[in-house]
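**Q** starting from these lines, generate the structure:
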Amino acid sequence: MNAKKIKLYCIKEDYVLLDKYFKEKQISVSAMPLAGFDLRPIQISDFGENDWNRVIVYKDKHTVEIEEIESAVSFEKIFTPNFMISDILTFDRAYIDVANKKIIGGSISGITKYLVDGVLVSKSNEFLKWQNTFYLWIKRNFVAVKIDKTHNVYVSERVRQMIDDGFILE
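**A** Just a heads-up that it's a prediction; the model follows:
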């Protein structure tokens with residue numbers, strides 16, 4: 001399996017910018033976890049910091065394959081997208097630990113290739129183009145912060161100010 005991931009640190013006030021981009025590009029967002037075989041469309045800016053940790057981002061709901069799996073800890077069924085074959089990105093929000101002045105996590109990722117009968121298969125060109133376009137938009141609209149000699153993370157202006165005020169990215 002191959003995946004592309006971009007570290008993105010932003011806070012609730014920045015979600016309006018993401019929602020605006022999603023609306024312009026006709027991209028949908030679904031809350032996780034799923035309650036059944038249906039997606040749960042949302043605008044991420046409508047949710048509070050404690051309402052979600054992960055959402056999925058997709059262009060066409062028909063490219064999202066939902067599976068029902070057994071829970072390892074209860075008798076309930078779990079409904080989840082098949083991340084391997086679905087044309088989706090996973091958006092994990094950053095968590096702000098105010099007490100310890102840390103900004104934890106925050107990423108957007110998507111699988112680009114996966115194995116089928118021992119053969120590495122690429123996702124559709126349309127999905128890969130959409131994923132690349134979105135990542136380029138992030139790089140143009142967020143501030144690049146170098147974390148080592150070869151890697152950048154991307155932060156909003158608000159998060160950049162928090163870093164200037166002594167917060168640490170984790």
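
**Q** CA atoms for contacts and neighbours, from now on please.
**A** OK.

**Q** longest helix of the protein?
**A** Counting by DSSP state H, the longest helix found in the chain is helix 125-141.

**Q** the helices in the protein, which residues?
**A** 15-24, 125-141, 157-164.

**Q** buried residues in stretch 162-170?
**A** Across stretch 162-170, burial judged by 16 or more other CA atoms under 10 Å covers M162, I163, F167, L169.

**Q** distance of the first one relative to T150?
**A** When CA to CA, to the nearest Å is the yardstick, M162 and T150 sit 23 Å from each other.

**Q** give the contact list for D14.
**A** Neighbour list for D14: S45, S156, R158 [criterion: CA atoms under 8 Å, 6 or more residues apart in numbering].

**Q** wait, the last one touches Y9, no?
**A** No - with contact defined as CA atoms under 8 Å, R158 and Y9 do not form a contacting pair (9.6 Å).

**Q** the more surrounded of the two?
**A** The residue with more neighbours, out of R158 and Y9, is Y9; 29 against 14, by other CA atoms under 10 Å.

**Q** distance check, the more buried one against V121.
**A** 31 Å.

**Q** before we move on, what about S156?
**A** Distance, S156 to V121, by CA to CA: 34 Å.

**Q** how far out from the middle of the chain is the longest helix of the chain?
**A** Relative to its chain's centre, helix 125-141 lies at 13 Å (CA atoms, centre = their mean, to the nearest Å).

**Q** partner strands of the longest strand anywhere in the chain, parallel or antiparallel?
**A** Ranked by number of residues, the top strand in the chain under DSSP state E is strand 102-116. Strand 102-116 pairs in its sheet with strand 2-9 (antiparallel), strand 88-97 (antiparallel), strand 119-122 (antiparallel), strand 168-169 (parallel), by DSSP bridges.

**Q** mean neighbour count, those strands: which tops it?
**A** Stretch with highest mean neighbour count among the strands paired with strand 102-116: strand 88-97 (a mean of 21; mean count of other CA atoms under 10 Å).

**Q** next, the angle helix 157-164 makes with that strand.
**A** Here the directions of strand 88-97 and helix 157-164 differ by 40 degrees (axes from the mean of the first three to the mean of the last three CA atoms, to 10 degrees).

**Q** got the contact list for strand 88-97?
**A** Strand 88-97 is contacted by residues 8-11, 52-59, 63-64, 102-111, 131 when judged by CA under 8 Å, 6+ apart.

**Q** report the buried members of the residues you listed.
**A** Buried members of the contacts of strand 88-97, scored by 16+ other CA under 10 Å, are 8-11, 54-59, 64, 102-103, 105-111, 131.
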